[in-house]
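Visitor: With the input below, show me the fold.
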Amino acid sequence: MKKPAPFSPAASWLLALISLVTGDFSILAQSWTQTSAPNKSWYGIASSAAGDRLAAVASGVGIYLSTNSGGTWTLSSAPAKSWRSVASSANGSNLLAVATFGGVYTSTNAGASWISNSLAANHDWSSAASSGDGTKLAVGASTWGNIYTSTNAGATWVSNSPPAGYWTSVVSSADGTRLAAAWTGIIYNSTNSATNWISHTPPSGGSSLAITADGSLLVMPFNPTSLYCSTNLGATWTQRTLPNAGSASGAALSANGNRLAAYGKLYTTTNGGVTWTPDSANGMNWSAVTISADGGRTAVVVNNGGGIYTYYAATTPHLSLTLASNLVTCAWLIPATNFVLQQSADLISWSSITNTSTLNPTNLNCTLAFFPSNASAFYRLATQ
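Guide: From the prediction side, this is the model:
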């Protein structure tokens with residue numbers, strides 16, 4: 001049964017040839033659910049853009065995978081290592097994992113098989129980042145060393161500047177052009193896929209980063225009551241207060257930066273991070289967190305024999321459309337809930353558009369292009 005999104009009065013679009021109907025879903029309060037994943041010393045977790053595919057790494061064991069948002073887990077063929085971080089492409093097919101003094105591994109088939117990359121195994125690899133298409137990768141080590149990047153899904157690696165450091169966090173925009181890397185008291189950023197790097201001194205001793213899909217917002221947790229936000233990849237920072245914070249060692253942002261997971265709680269913002277409102281979701285002492293592109297699905301791992309927990313809250317879909325040469329292109333941020341695009345000529349009778357949407361890994365949008373059947377029409381997203 002389809003449940004359509006509530007809609008507001010139609011807004012004129014493209015000389016009134018096409019009108020757009022959108023609406024808001026209320027965020028449905030849920031609770032944290034412990035998954036069936038075993039209790040381990042978990043260190044890292046990553047998700048696909050939709051939040052359906054998850055990969056989690058722990059110390060001294062293999063890499064665990066889920067294809068149903070954490071409902072069930074399987075142990076992949078990756079060797080037992082002291083895994084520290086994992087990154088995923090937007091569709092979950094390309095994975096990157098690093099292990100302390102254990103090397104760098106990649107998978108191009110959603111974790112079915114793994115390849116040991118050419119990078120030295122005697123580094124304390126601690127952080128991993130991936131572009132949306134999984135081709136542009138970055139890894140850093142918390143022992144003295146360089147940041148290494150790849151533009152071909154890990155087949156070859158290079159190390160440009162920044163100079164050697166104790167890198168504890170590396171993050172990437174969805175298109176892989178904007179990168180930021182940090183260790184205590186130091187941040188470097190790149191706006192050209194790691195060809196050049198610029199150094200900055202953050203106002204705090206934080207060493208963990210989170211970034212939006214377009215790289216326009218960078219967040220550094222500072223203490224359990226605040227974090228720093230930057231809109232220029234770390235050149236300048238503004239301290240923001242987090243109400244009712246808990247404890248965590250990292251943070252994650254939704255693709256547009258409207259939703260933040262940090263310090264054992266979830267937060268929402270409607271003004272680019274100026275103020276944050278805590279959600280009803282209360283977490284635990286996380287060691288790592290990941291969040292879907294729309295912020296609807298969150299997954300966290302707990303260290304020291306802890307488990308893996310998930311949280312779901314329905315989020316608002318926002319539909320945009322353009323018209324060029326009589327071709328309509330609809331786009332929306334890939335949701336954690338299945339939606340179908342519908343059209344109507346009179347706002348009374350609706351029919352589903354059966355064309356298959358395509359995920360754009362550079363901005364994490366679903367796009368659907370078609371020729372309209374009527375001179376004017378209304379469009380909306382409806383839950384399946």
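Visitor: I'd guessed Thr270 sits against Gly257; true?
Guide: No: using CB atoms under 8 Å, Thr270 makes no contact with Gly257, being 10.6 Å away. The way it works is simple: take the backbone N, C-alpha and C, and place the C-beta from them, glycine included.
Visitor: The two - which one has more neighbours?
Guide: Using other CB atoms under 10 Å as the criterion, Thr270 and Gly257 rank with Gly257 on top: 22 against 10.
Visitor: three-state assignment of Ala55?
Guide: Here Ala55 is strand, with the state taken from DSSP: H, G, I helix; E, B strand; the rest coil.
Visitor: if I look at it, how far off is Ile115?
Guide: For Ala55, the distance to Ile115 (CB to CB, to the nearest Å) stands at 15 Å.
Visitor: for Ala78, same thing?
Guide: 10 Å.
Visitor: which one of the two has more residues nearby?
Guide: Neighbour count, other CB under 10 Å: between Ala78 and Ile115, Ala78 has more, with 24 against 13.
Visitor: How about the contacts made by the residue nearest to that one when sequence neighbours are not counted?
Guide: What sits nearest to Ala78 in space, not counting adjacent residues and going by CB to CB, 6 or more residues apart in numbering, is Ile63, at 4.1 Å. Counting by CB atoms under 8 Å, 6 or more residues apart in numbering, Ile63 touches Ala55, Ala56, Val57, Leu75, Ser76, Ala78, Trp83, Val86, Leu95, Ala97, Gly111, Trp114.
Visitor: Equivalent analysis for Ala56, please.
Guide: Here Ala56 is in contact with 37, 42, 44-46, 63-66, 73, 86, 299, 301, 308 (CB under 8 Å, 6+ apart).
Visitor: now those residues as a markdown table including secondary structure?
Guide: Formatted as a markdown table, the contacts of Ala56 follow (three-state DSSP):
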| residue | secondary structure |
| --- | --- |
| Ala37 | coil |
| Trp42 | strand |
| Gly44 | strand |
| Ile45 | strand |
| Ala46 | strand |
| Ile63 | strand |
| Tyr64 | strand |
| Leu65 | strand |
| Ser66 | strand |
| Trp73 | coil |
| Val86 | strand |
| Ala299 | strand |
| Val301 | strand |
| Ile308 | strand |
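Visitor: Can you tell me which of those lies closest to Ser130?
Guide: Nearest to Ser130 out of the contacts of Ala56 is Ala46 (CB to CB; 8.0 Å).
Visitor: State whether the closest one and Ala55 are indeed in contact, as I suppose.
Guide: Yes: assessed by CB under 8 Å, Ala46 is found in contact with Ala55 at 5.2 Å.
Visitor: Give me the buried positions along stretch 217-224.
Guide: Neighbour counts using 16 or more other CB atoms under 10 Å place Leu217, Leu218, Val219, Met220, Pro221, Phe222, Pro224 of stretch 217-224 among the buried residues.
Visitor: And the nearest residue to the second one once chain neighbours are set aside, how close does it get to His318?
Guide: Here the nearest residue to Leu218 in space, its sequence neighbours aside, is Ser230; by CB to CB, 6+ apart that works out to 4.4 Å. To His318, Ser230 is 25 Å away according to CB to CB.
Visitor: Tell me which of these two has more neighbours.
Guide: Taking neighbours as other CB under 10 Å, Ser230 and His318 compare with Ser230 leading, 24 against 15.
Visitor: Just the helices from the protein, written as ranges.
Guide: Applying DSSP state H to the chain gives no helices.
Visitor: And the nearest residue to Ser159 once chain neighbours are set aside, how close does it get to Ser82?
Guide: In this structure, Ser159 finds its nearest non-sequential neighbour in Asn146, 4.1 Å apart by CB to CB, 6+ apart. According to CB to CB, Asn146 stands 20 Å off from Ser82.
Visitor: got it, and Trp157?
Guide: Noted for Trp157: a distance of 20 Å to Ser82, by CB to CB.
Visitor: any weak-confidence spans in the protein?
Guide: Scanning the chain for pLDDT under 70 picks out 1-30, 246-249.
Visitor: Tell me how it divides into domains.
Guide: For the chain, automatic domain parsing gives the domain ranges 3-25+316-383, 33-312.
Visitor: Out of those, indicate the one that is most buried.
Guide: Comparing the domains of the chain by mean neighbour count (mean count of other CB atoms under 10 Å), domain 33-312 ranks first with a mean of 21.
Visitor: So what would you say the end-to-end distance of that domain is?
Guide: End-to-end span of domain 33-312 (CA to CA, to the nearest Å): 9 Å.
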